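S.K.: Sequence and predicted model, in that order:
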Amino acid sequence: MSTDLNDTEATVPGRYWRALEDGRIQCDLCPRECKLREGQRGLCFVRGALDGRMVLTTYGRSSGFCIDPIEKKPLNHFLPGTPVLSFGTAGCNLTCKFCQNWDISKSRELDRLMDNASPDAIAEAALRAGCRSVAYTYNDPVIFLEYAVDVAAACRARGLANVAVTAGYISPGAREEFFAAMDAVNLDLKGFTEGFYRDLCTGRLETVLETARYIKHRTPAWLELTTLLIPGRNDGDAELTALAEWVVGELGPDTPLHFTAFHPDYRMRDIPNTPPSTLLRAYRIGRKAGLHYVYTGNIHHEPTGSTYCPGCDVKLIGRDWHRITQWGVDSHGLGQGGYCTNCGAAIAGRFEPQPGTWGRKRRPVRLSQDAKAVPHP
């Protein structure tokens, strides 16, 4: 834990903490329960103890904004084809050795957070850009809960949806507030053994599984899962079968599962890229286990990036990378589930009558030129 937090740094009050008898405070946001003396930061680096209370150092400060296709989150059953305004801050409460966004999530340089924006400014920027939603991503939004929840409220007031891309490492008390603010979640299920989480993430699998169950059964948010397949670490047949069968049994066969390709990065540069054959094998395992919607990612393979009807197996949504090439879903109503135009079977998700046309475009956005950060209410 760092001890360089001081009263000259811009902070706002944080939630989910308590005072301990020995003069420290304990962070109750996530299962790490960091116990901090004055001036110390937690493992996430952005929450710390100052003046005997918990503070957040990244409120109103982002590592950047970008308009993405919603499929890049990845979400394939939530407002397909539409643009989403994405942003993150810095820091993380896991220590994944394979992190693909390590320059942001592992950052200890808060000066890199150059794009300042209030919740209202973010929501207005998304609206002006024609986005249907705002995504809290790049680093885990759990650790900037106060900022994310305020932005989410500003978005909902303008008719915009909220998307969390998270590893789900959050305590029960905090998850209730956080996920109540979200309309869709992509949960990063990093592996399916406690050993994987312990050795490569210094976390606990069961905590993440509890979060997945909570989102699916206790909130109205749409849920999709993503697992990054790392050669020799979490890509064995037995583990993939156990994962897929758990999803079917605990979350239901309509829960989409994305298998994505690893590339050497951060502290695992000696591991090779995931071969396409591994992703296709995982895809087959997921379908055999009974999952209706399995996808591959980080490779160009249109057949396993597309959506098929669980009733008649007709291709309903064709995808070339993130561009929609085929559409066969009728919607029950704006943002509701759909049904197959061929056989009438129900298609789980949140669909509009027609898909968006954003395609594969990514467009960086700077908000700091006309939107200054404001103090926490």
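M.R.: Yep, it's here. Residues are numbered from 1 along each chain as shown.
S.K.: Show me how the record splits this structure into domains.
M.R.: Domain assignment for the chain, taken from automatic domain parsing, gives 12-56, 61-322+354-363.
S.K.: End to end on the longest one, go ahead and measure it.
M.R.: In domain 61-322+354-363, first residue to last residue: 19 Å (C-alpha to C-alpha, to the nearest Å).
S.K.: picking that back up, can you redo the domains of the chain as CSV with mean neighbour count, distance to residue 340 and mean pLDDT?
M.R.: No exception for glycine: its C-beta is placed from N, CA and C like everyone else's. CSV is the format used below for the domains of the chain (neighbours: other C-beta atoms under 10 Å; distance: least, C-beta to C-beta, whole Å; pLDDT from 0 to 100):
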stretch, mean neighbour count, distance to residue 340, mean pLDDT
domain 12-56, 19, 40, 97
domain 61-322+354-363, 20, 4, 93
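S.K.: Please produce CSV containing these, extended by distance to residue 337.
M.R.: Output for these, formatted as CSV (distance: least, C-beta to C-beta, whole Å):
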stretch, distance to residue 337
domain 12-56, 32
domain 61-322+354-363, 9
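S.K.: mind checking which of those domains is nearest residue 343?
M.R.: Closest to residue 343 of those is domain 61-322+354-363 (C-beta to C-beta; 4.1 Å).
S.K.: Let me know the pLDDT of residue 334.
M.R.: Residue 334 is assigned a pLDDT of 65 by the prediction.
S.K.: of all the domains of the chain, which lies closest to residue 6?
M.R.: With C-beta to C-beta as the criterion, residue 6 lies closest to domain 12-56 of the domains of the chain, at 6.6 Å.
S.K.: So which residues of the stretch 1-150 of the chain form helices?
M.R.: Ranges of helices in the stretch 1-150 of the chain, per DSSP state H, counting those that start in this stretch, are 102-105, 119-128, 145-156.
S.K.: Compare those and report which one is nearest to residue 333.
M.R.: For these, proximity to residue 333 was assessed by C-beta to C-beta; helix 145-156 is nearest, at 18.3 Å.
S.K.: how big is the angle separating that closest one from helix 119-128?
M.R.: On the basis of axes from the mean of the first three to the mean of the last three C-alpha atoms, to 10 degrees, helix 145-156 is oriented at 40 degrees to helix 119-128.
S.K.: what about dumping the CA coordinates of helix 145-156 to PDB?
M.R.: Extracted in PDB, the C-alpha atoms of helix 145-156 (Å, rounded to 0.1, in the frame of the first residue of the first chain):
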ATOM      1  CA  LEU A 145     -18.400   3.500  -7.700                       C
ATOM      2  CA  GLU A 146     -19.400   7.000  -6.500                       C
ATOM      3  CA  TYR A 147     -18.500   8.500  -9.800                       C
ATOM      4  CA  ALA A 148     -20.100   5.700 -11.900                       C
ATOM      5  CA  VAL A 149     -23.300   5.900  -9.900                       C
ATOM      6  CA  ASP A 150     -23.600   9.600 -10.400                       C
ATOM      7  CA  VAL A 151     -22.900   9.400 -14.100                       C
ATOM      8  CA  ALA A 152     -25.400   6.600 -14.400                       C
ATOM      9  CA  ALA A 153     -28.100   8.800 -12.800                       C
ATOM     10  CA  ALA A 154     -27.300  11.700 -15.200                       C
ATOM     11  CA  CYS A 155     -27.600   9.200 -18.100                       C
ATOM     12  CA  ARG A 156     -30.900   7.800 -17.000                       C
END
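S.K.: Please enumerate residues in contact with that helix?
M.R.: 12-16, 29, 56, 58-60, 89, 119-120, 122-123, 126, 133-134, 136, 141, 161-162, 164, 174, 177-178, 181-182, 376-377 (C-beta atoms under 8 Å, 6 or more residues apart in numbering).
S.K.: In strands only, show me the residues you listed.
M.R.: 12, 13, 56, 133, 134, 136, 161, 162, 164 (DSSP state E).
S.K.: ok, the closest residue to residue 162 other than its chain neighbours to residue 163 distance?
M.R.: Nearest residue to residue 162, sequence neighbours excluded (C-beta to C-beta, 6 or more residues apart in numbering): residue 152, at 4.3 Å. Separation of residue 152 from residue 163 (C-beta to C-beta, to the nearest Å) stands at 10 Å.
S.K.: Before I go, just wanted to say thanks for your time.
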